[in-house]
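Undergrad: Give the three-dimensional model of this entry:
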Amino acid sequence: FCFYLFTHEALISVILVSVIDVIGFLPTFRKAYAEPYTETTSTYVLSAAADGLALGALANFSLITSLYLFTLIAVDGLCSVLIIVRRRQLKLDL
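TA: Down below sits the predicted model:
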């Protein structure tokens, strides 16, 4: 809502919020890469699934209403894949 007050454009506001959310998630990616066993994969998988269900429940499907949900699905999905891949890599190194 705050970004809309400054930009007066709904799409620009959603893009800004999505970009900020991805930037805010970068430390989680770094930690998941360095210490994959300290992260719970199911949390990210379930979050991506919940966001997918929310996307499917949209009554008005447009870029403005769906972009943020797509961003959350992508970020949570990538994090869960990163955790799984890193755990397998570290297991092979033993």
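Undergrad: Next, report how far the lengthiest helix in the chain is displaced from the centre of its chain.
TA: Criterion DSSP state H: the longest helix present in the chain is helix 63-93. Centroid separation for helix 63-93 versus its chain: 7 Å, with C-alpha atoms, centre = their mean, to the nearest Å.
Undergrad: Equivalent analysis for stretch 6-24, please.
TA: For stretch 6-24, the distance to the chain centre is 14 Å (C-alpha atoms, centre = their mean).
Undergrad: Report the buried residues of that stretch.
TA: S13, V14, I15, L16, V17, S18 (16 or more other C-beta atoms under 10 Å). In this view, the C-beta of every residue, glycine as well, is placed from N, C-alpha and C.
Undergrad: just for the protein, where's the confidence low?
TA: Scanning the chain with the threshold set as pLDDT under 70 gives 1, 3-4, 94.
Undergrad: Recalculate using a threshold of 90.
TA: 1-10, 91-94 (pLDDT under 90).
Undergrad: any idea how far the residue nearest the centre of the chain lies from I12?
TA: Centroid-nearest residue in the chain, with C-alpha atoms, centre = their mean: V75, separated by 2.6 Å. V75 sits 20 Å away from I12, going by C-beta to C-beta, to the nearest Å.
Undergrad: Would you confirm that the residue nearest to the centre of the chain contacts L26?
TA: No. If you go by C-beta atoms under 8 Å, V75 and L26 don't touch, sitting 9.8 Å apart.
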